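S.K.: Sequence and predicted structure are below.
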Amino acid sequence: MESLLAITIGVLVAGSVYLMLARNVLRFIFGLVLISNAANLTIFAGGRLTEGAPPLIAEGADAPAGLVANALPQALVLTAIVIGFGLFAFALVLVVRAYTELGTLNSDEMRVAEPKEGPAK
Amino acid sequence: MSWILALPIAIPFVTAVIAFLLRTRRAGRWVSVIGTAVLLLSSAVLMATVLQEGVIAAQMGTWPAPFGITLVADYLSAVMVVITAITGFAVAIYALGDIEERSEYLGFHALYNVLLAGVCGAFLTGDLFNLYVWFEVMLISSFGLLILGGSKEQIDGGIKYVTLNLVSTIMFLSGIGLLYGMTGTLNLADLSLAVERVENQGLLTVVAMLFMIAFGIKSALFPLFFWLPAAYHTPSFSVSAVFAGLLTKVGVYALIRMFTLVFDHDIGFTHTILLWVAGFTMVTGVLGAAAQSDFRKVLSFHIVSQIGYMIMGLALFTPLAVLGAVFYLVHHIIVKANLFLVAGVAKRLTGSTELYTIGGLYKSAPLLAVLFIIPAFSLAGFPPLSGFWAKYVLVKAALDIGSWVIAGVALLVGLLTIYSMTKIWAEAFWKAHPDGFDPTPDRIDAGQRRALMLPIAFLATLTIIIGLFPQPFIAFAETSAAQLLDPTDYLRAVLAAPDPGPVTE
């Protein structure tokens, strides 16, 4: 189970790095979305995987009986997903604005803030 | 006790809400000024408490550490909160004269205060995941502030700033996941004990590198700084100043915290890398600045070069060097924010920040010229200003342990800093305006002029005070460094009870 998850994370990271190497900013953002999911899975795996054991405490008891899933990484992942969602929504809108304002998605051609200087073109 | 620690975070949030509700009225901008003034007050109370009682900690929601979220203030945290409040207050006043109504309507003051809340939160938290959350609070509001106005330049700089910072965020998050997997805790104090129990210390170093890269991007270290000069010259001057003063320094703070408290298991490896990075950061930053001809771009590259000094202090890892790093951090925030504020007034008077097309400021606005000289010389390290003591301590620390090369680099970079500052002085202030135009201060109406000049004078005065009476500040930084290098007090304050033993999963 853990090795399967590890391979999944690896594939996600590889795919996202490939996307992020593109000059197209939109592809870069898609790569970021993928790699952030890989990071979330990493946190999840960091809490150790337990199959079919929800962290429920029986009524009247103080602690769960037996080995149960670690609830903390799930809470962390949830937080990270929410924050990530907000950031990516912003990033995507920014890309749309960049496309309408600058007329390009190619990061090499985005030189308004840092214009090339001198005759060296 | 806990309210003293929570207030510096809560006050800016409340201010932000009120400022947002009042954003269409003139009162909205004063809310921001009053809010930051109250923040300054509460940070002073925090500082007084820390000076009296040493490290203080509060468990949020009364969950005992290491299970709940802890807020901690040691000397370093306390001074960073105070300096955040000072900068926040100064820039809030400056914003009265600088920010246009349209930006105010779009929520400038709300975003600005959320940014301050994020910065204070990052300084005060004692929990790694909580640190991530504060970084995000800071980041999302800085995104908003950066592109507020929506000019082409801002969108262009914004894309680079946003994408690279998101990469850093993800590194940080992965690092947290892996560290939690190894140690089973997220509380910084508990982590500091738990990392010693990790069997494979080599893996710990790998995670340490993830954190180094993540915070390295945030604090604009070589070779990860490219987003900074791409973006910092595009927003309004108030935003530039607060970014320049505070944002990268949160990254530096996080590096200092993590690499003194948690990752001190393999100093020979991690801190040697930091030392190399520090040297390259100083040199590339200052050379980049020498090649620029825009007021704000020169200053932006100097942020990079100055970050190198602080990391140098951390990397040398002797009491004196860490003292120097803390002192430098505090001095730099004041000076750098101030220089950007001066650049804003220069732009208002002359109409541009491009150094070759402006001039004549010394003749027409001598007061501004004096107020520029103070932070500029301090940045370059002229005695008796604050930057001299900061550089002196760091170079002495390097010489004490025989690190001749880095000491030489630090001195050389100081020299080159003078070159850039002289360039700004010669082009913007000394030479006559190329179009024969007279940039007198009367070009700004009196009310706005007061709002713009007061914070500059205030910060310049602080620079002079630190420079003329460095002893209490040095003594403070000394205790702060001692706390960082020997975290016994920190651990005692946070964990209160003796370590309960390995956390079982």
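M.R.: Looks like it arrived, so ask away.

S.K.: quick check, distance from the longest helix along chain A to the centre of its chain.
M.R.: In chain A, taking DSSP state H as the definition, the longest helix is helix A:71-102. How far helix A:71-102 lies from its chain's middle: 8 Å, per Cα atoms, centre = their mean, to the nearest Å.

S.K.: so does it get close to chain B?
M.R.: Yes. Residues of helix A:71-102 are located near chain B by Cβ under 8 Å from any Cβ of the partner chain, namely A:72-73, A:76, A:79-80, A:83, A:86-87, A:90-91, A:94-95, A:97-98, A:101-102. For the C-beta atoms, the positions are set from N, CA and C on the backbone; glycine is no exception.

S.K.: and which of the residues you listed is nearest residue B:491?
M.R.: Nearest to residue B:491 among the residues of helix A:71-102 next to chain B: residue A:72, at 21.5 Å, using Cβ to Cβ.

S.K.: Skipping its backbone neighbours, what lies nearest that closest one in space?
M.R.: The shortest distance from residue A:72 to any non-neighbouring residue, by Cβ to Cβ, 6 or more residues apart in numbering or on different chains, is to residue A:47 (6.3 Å).

S.K.: I figured the one you found was touching residue A:68, is that so?
M.R.: No. Taking contacts as Cβ atoms under 8 Å, residue A:47 lies outside contact range of residue A:68: 11.3 Å.

S.K.: could you pull out the helices for the stretch 51-200 of chain B?
M.R.: B:75-98, B:101-105, B:108-124, B:128-147, B:152-183, B:188-194 (DSSP state H, counting those that start in this stretch).

S.K.: If you count neighbours, what's buried in the shortest one?
M.R.: This points to helix B:101-105. Applying a neighbour-count criterion of 16 or more other Cβ atoms under 10 Å in any protein chain shown, one finds B:103, B:104 buried in helix B:101-105.

S.K.: ok, the residue lying closest to residue A:51 once chain neighbours are set aside - how many residues close by?
M.R.: Leaving aside its sequence neighbours, residue A:51 sits nearest to residue A:1 (Cβ to Cβ, 6+ apart; 6.9 Å). Per other Cβ atoms under 10 Å in any protein chain shown, the neighbour tally for residue A:1 reads 9.

S.K.: Any figure for the gap between residue A:1 and residue A:77?
M.R.: Per Cβ to Cβ, to the nearest Å, residue A:1 is found 17 Å from residue A:77.

S.K.: Would you double-check that residue B:437 falls in a strand?
M.R.: No. Residue B:437: not assigned to a strand; according to DSSP: H, G, I helix; E, B strand; the rest coil it is coil.

S.K.: how about residue B:405, what does it touch?
M.R.: residue B:279 (Cβ atoms under 8 Å, 6 or more residues apart in numbering or on different chains).

S.K.: Check which helix or strand it maps to.
M.R.: helix B:404-424 (DSSP states H and E).

S.K.: Now do the contacts for the closest residue to residue B:103 other than its chain neighbours.
M.R.: Closest residue to residue B:103 apart from its sequence neighbours, by Cβ to Cβ, 6+ apart: residue B:148 at 5.2 Å. Counting by Cβ under 8 Å, 6+ apart, residue B:148 makes contact with B:103, B:106, B:107, B:108, B:111, B:154, B:235, B:236, B:239.

S.K.: Quickly name whichever of these is closest to residue B:389.
M.R.: For the contacts of residue B:148, the nearest to residue B:389 is residue B:239 (29.5 Å; Cβ to Cβ).

S.K.: Which strand or helix spans that closest one?
M.R.: helix B:237-242.

S.K.: Need the contact partners of that helix.
M.R.: B:87-88, B:91, B:94-95, B:98-99, B:112, B:115, B:145-146, B:148, B:232-233, B:296, B:336-338, B:340-341, B:343-344, B:347.

S.K.: Could you name the helices and strands sitting against the helix or strand following that helix?
M.R.: Next along the chain after helix B:237-242, taking DSSP H and E as the criterion, comes helix B:248-257. Contact partners of helix B:248-257 among helices and strands, from 3 or more Cβ pairs under 8 Å, 6 or more residues apart in numbering or on different chains; DSSP states H and E: helix B:75-98, helix B:108-124, helix B:128-147, helix B:201-218, helix B:295-316, helix B:319-350.

S.K.: Of all the ones you listed, which one comes closest to chain A?
M.R.: Ranking the helices and strands packed on helix B:248-257 by proximity to chain A (Cβ to the nearest Cβ) places helix B:128-147 first, at 4.8 Å.

S.K.: and that closest one, what's its mean pLDDT?
M.R.: For helix B:128-147, mean pLDDT is 93.

S.K.: I figured residue B:38 hits residue B:11, correct?
M.R.: Yes. Counting by Cβ under 8 Å, residue B:38 does reach residue B:11; the two are 5.5 Å apart.

S.K.: In terms of neighbours, single out the busier of these two.
M.R.: Taking neighbours as other Cβ under 10 Å, residue B:38 and residue B:11 compare with residue B:11 leading, 24 against 18.

S.K.: Which of the helices or strands spans the residue nearest to that one when sequence neighbours are not counted?
M.R.: In space, and not counting its chain neighbours, residue B:11 is closest to residue B:39: 4.8 Å by Cβ to Cβ, 6+ apart. Taking DSSP H and E as the criterion, residue B:39 maps to helix B:27-53.

S.K.: Which strands and helices lie in contact with that helix?
M.R.: Other helices and strands packing on helix B:27-53, by 3+ Cβ pairs under 8 Å, 6+ apart, are helix B:2-21, strand B:70-73, helix B:75-98, helix B:108-124.

S.K.: Could I get the full set of strands for chain A?
M.R.: Here chain A has no strands by DSSP state E.
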